[in-house]
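> Sequence first, then the predicted structure:
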Amino acid sequence: MKYEIFGGNLPAVTIYLNEGEAIYTQSGGLTWMSSEMAMETSTKGGLLKGLARMVSGESLFMATYTAQAPDQFITCASTFPGNIVSLDVTGKSYIAQKNAFLCAEPEVEVSTTLPEGLKLSARLFGGEGIFMQQLKGQGRVFLEIDGSVKEMDLADGEKIIVNTGNVACYESTVKFSVETVKGLKNIVFGGEGLFLTTLEGPGKIWLQTMTMPSFARRIIPFLPEKKD
């Protein structure tokens, strides 16, 4: 598959398709496309799978776009300033943050998961929700990541400690655990919240410098108040 990611920190991806090839996105994911593309909307996998996807931030319905002639293309844009990351899931499985999915080849499966080692309280109060997305199957998937992205390879047993909301994606071979910040003064005055995430290799991880909840908190004080 040929594709082009462009747009700097307001990114989009154009995917070039031969006749019969297809891409699916969540409902409303299309930005523009060539004229010989057919669109079909469905729950992709049935109603229960569609409802399960919704709890990880995706829509109930998915739209599949299939090329009806050679040399067609489709463009999908990120919904927030940041980066678009391309992953080949063939033979691998990835765990991604809520709302990360942008578009994928038809044989890529997007499902909802609650990672092992994830404390319910940490997700509830960490600002990112309880559930994450699992990506597996065959083919390529495109993810939208908030802010700048840092890709790292962790060796077996190597650990890194991350602010919970800054974990964008990781290979399923990576061990994910969340711990409470130690020390009352650190919790109250440290500014990092109640929880920190530990990622332990082996495996590849993608970290993001910005999160949607933290961005929203920064701009809310500047929004005009509604007057009666």
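Cool, the structure landed. Note that the coordinates shown come from a computational prediction; the quantities given were computed from them, not determined experimentally.
> By mean pLDDT, which helix or strand of this protein comes out lowest?
helix 184-189 (a mean of 43; mean pLDDT, DSSP states H and E).
> so the nearest residue to residue 149 once chain neighbours are set aside is in which element?
Spatially, and ignoring its direct neighbours in sequence, residue 149 is nearest to residue 83 (4.5 Å; Cβ to Cβ, 6 or more residues apart in numbering). C-betas here are computed from N, CA, C, even on glycine. Using DSSP states H and E, residue 83 sits within strand 82-88.
> Which elements pack onto that strand?
Packing partners of strand 82-88 (3 or more Cβ pairs under 8 Å, 6 or more residues apart in numbering; DSSP states H and E): strand 2-6, strand 12-17, strand 140-146, strand 149-154, strand 167-171, strand 203-208.
> and the fourth one, C-alpha only, in CSV?
Spelled out, that is strand 149-154. Output of strand 149-154 as CSV, limited to C-alpha atoms (Å, rounded to 0.1, in the frame of the first residue of the first chain):
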residue,chain,number,x,y,z
VAL,A,149,5.4,11.7,19.2
LYS,A,150,8.4,9.8,20.5
GLU,A,151,9.0,6.2,19.4
MET,A,152,11.2,4.0,21.6
ASP,A,153,12.3,0.4,21.7
LEU,A,154,12.4,-1.1,25.2
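> buried set for it?
The neighbour-count check on strand 149-154 (16 or more other Cβ atoms under 10 Å) flags 149, 154 as buried.
> gap between the helix or strand following it and the chain center?
Proceeding N to C from strand 149-154, the next assigned helix or strand is strand 159-163, under DSSP H and E. Mean C-alpha position of strand 159-163 versus that of the full chain (Cα atoms, centre = their mean, to the nearest Å) differs by 19 Å.
> elements contacting strand 159-163?
Looks like strand 159-163 contacts strand 195-200 (3+ Cβ pairs under 8 Å, 6+ apart).
> Distance from the chain centre to the strand it packs on, please.
That offset, for strand 195-200, works out to 18 Å (Cα atoms, centre = their mean).
> Stretch 98-114 too?
Going by Cα atoms, centre = their mean, where stretch 98-114 is centred and where its chain is centred differ by 8 Å.
> average pLDDT for that stretch?
On average, the pLDDT along stretch 98-114 is 90.
> first vs last residue of that stretch, how far apart are they?
11 Å (Cα to Cα, to the nearest Å).
> buried sites along that stretch?
Here stretch 98-114 shows 98-106, 108-113 as buried, counting by 16+ other Cβ under 10 Å.
> Show me the residues you listed that map onto strands.
101-104, 108-113 (DSSP state E).
> Now the residue most central in space within the chain: closest residue in space that isn't a chain neighbour?
The chain has residue 100 as the residue nearest its centroid, 1.6 Å off, counting by Cα atoms, centre = their mean. Leaving aside its sequence neighbours, residue 100 sits nearest to residue 143 (Cβ to Cβ, 6+ apart; 4.4 Å).
> I'd like the average pLDDT over the helix or strand where residue 75 lies.
Assigned by DSSP H and E, residue 75 falls within strand 72-77. Averaged over strand 72-77, pLDDT sits at 97.
> Could you list every helix and strand in contact with that strand?
So strand 72-77, by 3+ Cβ pairs under 8 Å, 6+ apart, packs with strand 12-17, strand 22-26, strand 32-33, strand 101-104.
> how about stretch 134-144 as CSV, C-alpha atoms only?
Coordinates of the C-alpha atoms in stretch 134-144 are reproduced here as CSV (Å, rounded to 0.1, in the frame of the first residue of the first chain):
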residue,chain,number,x,y,z
GLN,A,134,-6.6,-3.3,20.7
LEU,A,135,-5.3,-3.5,17.1
LYS,A,136,-4.6,-6.8,15.4
GLY,A,137,-5.2,-8.8,12.2
GLN,A,138,-3.5,-8.2,8.9
GLY,A,139,-2.6,-5.0,7.1
ARG,A,140,-1.9,-1.4,8.0
VAL,A,141,-3.6,0.9,10.4
PHE,A,142,-3.2,4.7,10.9
LEU,A,143,-3.4,6.3,14.3
GLU,A,144,-3.7,9.9,15.4
